[in-house]
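Asks: sequence plus the predicted model coming up.
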Amino acid sequence: MESSAPPPTIDALGQFRLEPVLGVLGEHIRFSQSNMMMVIAGLLILGILLVGMRPKAVVPDRLQALAEMSYQGLMDMCIDQIGPEGKQFFPFVFTLFTFILFGNLLGLLPFSFTFTSHIAVTFSLALIVFVVFTAVAIYIHKWHFFSYFFPKGAPVALAPLIVPVEIISYLSRLVSLPVRLFANMVAGHVMFEVFATFTVLLGGAGLIGGVAAIFPLGINVILMGFELLVAFLQAYVFAILTCIYLHDAVHLH
Amino acid sequence: MVEKPVGPEASFEERLRAARGKQGLDKPPPAPAGGGNPWGIGMRVGVELLSALVIAVGIGLLLDRWLHTLPLFLILFVLLGGAAGILNVWRMFAPPRQVTPK
């Protein structure tokens, strides 16, 4: 989000610039607002889980219900998607989902920063996922893992064609997973910025402009609701695709 | 979730499913294809096609640099990347594989 007064032109990408925070210390260790939001997201998740689960009540209050529902929902998703083995991967999927969800949601607050709007961050997350599901597949299936790239029953003569295509398809997860999250977050925040700038520019253009400025303002209000959905949906998509890939890794095909 | 009126002649499984659906005990099946929103689906298809192509071009260029055969592997892998993209999209919409019994 824009923190200073918007310039007269539409500066839609300036909001993604990294600035050091925490004064001199932050400048020396290159601690940007992106890193700070990550720390805040992590602490918030831990805080909600710890404080929420402290009462250990049979009838939960709101915070405990939140903690329990997120735990149960993701556990169900792991088991539904991966199978009974999914329990082992629950901590991994839970961490990913909550981290991305809080990153997306915190980014919607004014004066904050969306760390999931940087391809470096989403790509790193996807790389972790990729390494994990590949390692799981190799650990479980050993050399048999490489049969993944050649489906059973396919004619051997087609191997030179099928194997590269399957390998490319496998590797393309490494691109499609981060790009989807990153593109959604960037698109939403650019639209915010564009319509917010419209509002300011129109507002400064006399009486008619002031009345017309209501429309981009209204669009931003609608957009905020839409972005809340996108924030949740993209975290969910990232988590469920992780589960699907882990299913492939555990069961091969 | 579409609720159909279930008569007594329906099988027990169907009635159980209907009752569970009414109580909201069964979550609707997850839709990985962008949540049913046409823009979301279009976006996902685009990303899948493009990401396969990006990976393929990367592999092609690396092989060419290694073997000094510049356009050869690039051309080959662009075609393979297109095929892999189509394969990704097909997998996205293909009927789900049988889920392993619990």
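Replies: Now that the structure is in, tell me what you want to look at.
Asks: quick check: next helix or strand after the longest helix anywhere in chain B?
Replies: In chain B, with assignment by DSSP state H, the single longest helix is helix B:38-67. Per DSSP states H and E, the first helix or strand lying C-terminal to helix B:38-67 is helix B:70-93.
Asks: thinking again about what came up before, is there proximity between the longest helix of chain B and chain A?
Replies: Yes - Helix B:38-67 lies within reach of chain A by Cβ under 8 Å from any Cβ of the partner chain, at B:40, B:43-44, B:47-48, B:50-52, B:54-56, B:59. Just so you know, the C-beta spots here come from the backbone N, C-alpha and C atoms, and that holds for glycine as well.
Asks: adding pLDDT, write the residues you listed out as CSV.
Replies: Output for the residues of helix B:38-67 next to chain A, formatted as CSV (pLDDT from 0 to 100):
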residue, pLDDT
B:40, 75
B:43, 82
B:44, 83
B:47, 89
B:48, 89
B:50, 91
B:51, 91
B:52, 92
B:54, 92
B:55, 92
B:56, 93
B:59, 92
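Asks: where are the low-confidence patches of the chain?
Replies: All of this is about chain A. Residue ranges of chain A with pLDDT under 70: A:1-8, A:253.
Asks: actually chain B
Replies: B:1-10, B:23-36, B:95-102.
Asks: if I pick the residue nearest in space to the middle of chain A, what's in contact with it?
Replies: For chain A, the residue whose C-alpha lies nearest the mean C-alpha position (Cα atoms, centre = their mean) is residue A:100; its distance is 3.8 Å. For residue A:100, the contact set (Cβ atoms under 8 Å, 6 or more residues apart in numbering or on different chains) comprises A:116, A:125, A:181, A:234-235, A:238-239.
Asks: where does it sit, in terms of helix or strand?
Replies: Using DSSP H and E, residue A:100 falls within helix A:86-106.
Asks: same check on residue A:110?
Replies: Counting by DSSP H and E, there is no helix or strand that carries residue A:110.
Asks: what do you get for the one 10 residues further on?
Replies: Under DSSP H and E, the secondary-structure element containing residue A:120 is helix A:119-141.
Asks: which strands and helices lie in contact with the host helix or strand of residue A:66?
Replies: Secondary structure from DSSP H and E places residue A:66 in helix A:62-82. Under the contact criterion of 3 or more Cβ pairs under 8 Å, 6 or more residues apart in numbering or on different chains; DSSP states H and E, helix A:62-82 touches helix A:33-53, helix A:86-106, helix A:214-251.
Asks: for it, list the C-alpha coordinates in CSV.
Replies: The C-alpha trace of helix A:62-82 is given here as CSV (Å, rounded to 0.1, in the frame of the first residue of the first chain):
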residue,chain,number,x,y,z
ARG,A,62,-13.8,-17.8,19.1
LEU,A,63,-10.0,-17.9,19.1
GLN,A,64,-9.9,-21.6,20.2
ALA,A,65,-12.6,-22.4,17.5
LEU,A,66,-10.4,-20.7,14.9
ALA,A,67,-7.3,-22.7,16.0
GLU,A,68,-9.2,-25.9,16.1
MET,A,69,-11.1,-25.4,12.8
SER,A,70,-7.9,-24.6,10.9
TYR,A,71,-6.2,-27.6,12.4
GLN,A,72,-9.1,-29.9,11.7
GLY,A,73,-9.8,-28.5,8.2
LEU,A,74,-6.2,-28.9,7.1
MET,A,75,-5.9,-32.3,8.6
ASP,A,76,-9.0,-33.4,6.7
MET,A,77,-7.6,-32.0,3.5
CYS,A,78,-4.3,-33.8,4.0
ILE,A,79,-6.0,-37.1,4.6
ASP,A,80,-8.6,-36.7,1.8
GLN,A,81,-6.0,-35.7,-0.7
ILE,A,82,-2.9,-37.8,0.2
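Asks: what comes up buried for that helix?
Replies: Within helix A:62-82, the residues that count as buried by 16 or more other Cβ atoms under 10 Å in any protein chain shown are A:63-64, A:67, A:70, A:74, A:77-82.
Asks: cool, and stretch B:16-25?
Replies: Applying 16+ other Cβ under 10 Å to stretch B:16-25 flags B:17-18, B:21 as buried.
Asks: anything in stretch A:163-174 near chain B?
Replies: Yes - applying Cβ under 8 Å from any Cβ, one finds stretch A:163-174 in contact with chain B at A:164-166, A:168-169, A:171-174.
Asks: within range of chain B, give me the residues from the stretch 151-253 of chain A.
Replies: Neighbours of chain B within the stretch 151-253 of chain A, by Cβ under 8 Å from any Cβ: A:161, A:164-166, A:168-169, A:171-176, A:179-180, A:183-184, A:233, A:237, A:240-241, A:244, A:251, A:253.
Asks: which of the residues you listed are buried? Put it as a PyMOL command.
Replies: In PyMOL, this line selects whichever of those come out buried by 16+ other Cβ under 10 Å:
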select buried, chain A and resi 164+165+166+168+169+171+172+173+174+175+176+179+180+183+184+233+237+240+241+244+251
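Asks: restricted to helices, list the residues of the stretch 151-253 of chain A next to chain B.
Replies: Members of those lying in helices (criterion: DSSP H): A:161, A:164-166, A:168-169, A:171, A:173-176, A:179-180, A:183-184, A:233, A:237, A:240-241, A:244, A:251.
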